[in-house]
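*Asks:* predicted model, plus sequence, below.
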Amino acid sequence: MTRDTGEGLVAAHLGLPEATGSRRMDWAAMPREVTARIGQLLGSPVAHAISQRGGFSEGLAARVRLENGKRAFIKAASSLMAPAVADFHRREIAVSERLPREVPAPRLLDAYDDGTWVVLAFEEIVGHLPAQPWQREELDTVLAAVTDMAEVLTPSPVNETILGKPRLGGWSAMADDAAVMSKVEELSPWAAHHFDQLVALEENASLEGATLLHGDLYPFNIMLTADRVFVVDWPHAWIGPRHCDVVTLVSSASLSGVDPRPIAENHPLTRDLDPARINEVLALHSGFLLRTAAAAGPAADPNIVAMMTALGLASLRWLRSARL
């Protein structure tokens, strides 16, 4: 549990919450006609599959070995059981098909959408998530990769019409929802006290830019191998200022006890920015996360709510240091 005591944000433990989504689908639960179709896509039947428990999607995530010895990583979701996830998968197909080879992302091998099941087959990345709490060497490696990625993705190789809206903002919408406001005030009395300033930052924010941003750049969407960084899961990509992904990533690193301010002051994508631009992103980011978490009903995955709460409060911690 992470809360704002009024004297500062206090985390009961360092690092992101360990638990991720709790509603993954197992390979064994997949319809046989779908698993057979996956084998057809990849040119050989699936001989063995290991379902992956991490992540937040309600759909399938599995590493598979084919009868011909090749391997792949499979994501799948049903429009009947998890319509939002299926739509995210459709968008991820469109984005992944258009990412340049220079982008450090797994290569999409093939995909299909029969109207109910949406399936993506990626090259398998044999690696690991960044250690949490962050190890500084790994964080520096990832930050360098994000800098290179922004260069490759400016201007955006993906047309804006196929992308979703950025998942940013929420303070203005809270003004008309007393129940949500009450929950957010409990999480952060500081935010409630500075509500007008947060709304102003949100409403005056400039999101003009030409860079394709990942839009969900946190440690659980990063894979590290011996010599490379891979950024996975692209359904929330959007076009905007090139510094946004760095700001949200470094903000999340504060959960590891990392002070984001020196990093921002020296990173190529943020060091020459007006500090107001960073404050705007932090306000937009925390507003979306905390409003979504506070509005979540009893059916929401508690692990996702906990993660969004922790990340939202991390952005407020950094924003608080700006002394609004």
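*Replies:* Arrived safely.
*Asks:* how about the helices in the stretch 51-200 of the chain?
*Replies:* Counting by DSSP state H, counting those that start in this stretch, the stretch 51-200 of the chain has helices at residues 83-98, 136-152, 171-174, 178-187, 189-193, 195-203.
*Asks:* and the fourth one, what's buried?
*Replies:* It refers to helix 178-187. Val180, Met181, Lys183, Val184, Glu185, Leu187 (16 or more other C-beta atoms under 10 Å). Just so you know, the C-beta spots here come from the backbone N, C-alpha and C atoms, and that holds for glycine as well.
*Asks:* is the first one in contact with Gly287, as I believe?
*Replies:* In other words, Val180. No. Using C-beta atoms under 8 Å, Val180 is not in contact with Gly287; the gap is 11.0 Å.
*Asks:* next, show the common contact partners of those two.
*Replies:* Met174 (C-beta atoms under 8 Å, 6 or more residues apart in numbering).
*Asks:* center of this protein, which residue is that?
*Replies:* The structure's the chain has its C-alpha centroid closest to Asp216; by C-alpha atoms, centre = their mean the separation is 2.3 Å.
*Asks:* ok, back up a step: may I see the buried residues of helix 178-187 organised as TSV, with pLDDT and distance to Leu66 added?
*Replies:* Shown next, in TSV, are the buried residues of helix 178-187 (pLDDT from 0 to 100; distance: C-beta to C-beta, whole Å):
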residue	pLDDT	distance to Leu66
Val180	96	48
Met181	95	52
Lys183	95	48
Val184	96	48
Glu185	95	53
Leu187	94	47
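*Asks:* closest to Pro302 out of the helices of the stretch 51-200 of the chain?
*Replies:* Closest to Pro302 of these, according to C-beta to C-beta: helix 178-187, at 14.2 Å.
*Asks:* so for His236, which of the helices of the stretch 51-200 of the chain sits nearest?
*Replies:* Per C-beta to C-beta, nearest to His236 of those: helix 83-98, 7.6 Å.
*Asks:* tell me which residues in the closest one are buried?
*Replies:* Along helix 83-98, these residues count as buried under the neighbour rule (16+ other C-beta under 10 Å): Val85, Ala86, Phe88, His89, Arg90, Arg91, Glu92, Ile93, Ala94, Val95, Ser96, Arg98.
*Asks:* same question, stretch 269-289
*Replies:* Neighbour-count burial for stretch 269-289 [16+ other C-beta under 10 Å]: 269-270, 273, 277-289.
*Asks:* distance between it and the chain's centre?
*Replies:* With C-alpha atoms, centre = their mean, to the nearest Å as the basis, stretch 269-289 stands 16 Å off its chain's centre.
*Asks:* spatially nearest residue to His48 (excluding sequence neighbours)?
*Replies:* Arg65 (4.5 Å; C-beta to C-beta, 6 or more residues apart in numbering).
*Asks:* what sits against that neighbour?
*Replies:* Val46, Ala47, His48, Ala49, Arg71.
*Asks:* not counting its own residues, what contacts the helix or strand where the third one lies?
*Replies:* This means His48. Using DSSP states H and E, His48 sits within strand 46-51. The contact list for strand 46-51 (C-beta under 8 Å, 6+ apart) reads 24-28, 35, 38-39, 60-67, 74.
*Asks:* so in that sheet, which strands flank it, and in what orientation?
*Replies:* Note on strand 46-51: by DSSP bridges, its sheet partners are strand 60-66 (antiparallel).
*Asks:* where do the strands sit along the stretch 101-250 of the chain?
*Replies:* Remark: strands assigned in the stretch 101-250 of the chain by DSSP state E, counting those that start in this stretch are 108-113, 117-122, 211-213, 222-224, 229-231, 238-240.
*Asks:* make JSON lines from those strands and add mean neighbour count, distance to Val258 and mean pLDDT to it.
*Replies:* What follows is the strands of the stretch 101-250 of the chain, written out as JSON lines (neighbours: other C-beta atoms under 10 Å; distance: least, C-beta to C-beta, whole Å; pLDDT from 0 to 100):
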{"stretch": "strand 108-113", "mean neighbour count": "17", "distance to Val258": "32", "mean pLDDT": "97"}
{"stretch": "strand 117-122", "mean neighbour count": "23", "distance to Val258": "30", "mean pLDDT": "98"}
{"stretch": "strand 211-213", "mean neighbour count": "26", "distance to Val258": "21", "mean pLDDT": "98"}
{"stretch": "strand 222-224", "mean neighbour count": "21", "distance to Val258": "15", "mean pLDDT": "97"}
{"stretch": "strand 229-231", "mean neighbour count": "20", "distance to Val258": "17", "mean pLDDT": "98"}
{"stretch": "strand 238-240", "mean neighbour count": "21", "distance to Val258": "24", "mean pLDDT": "98"}
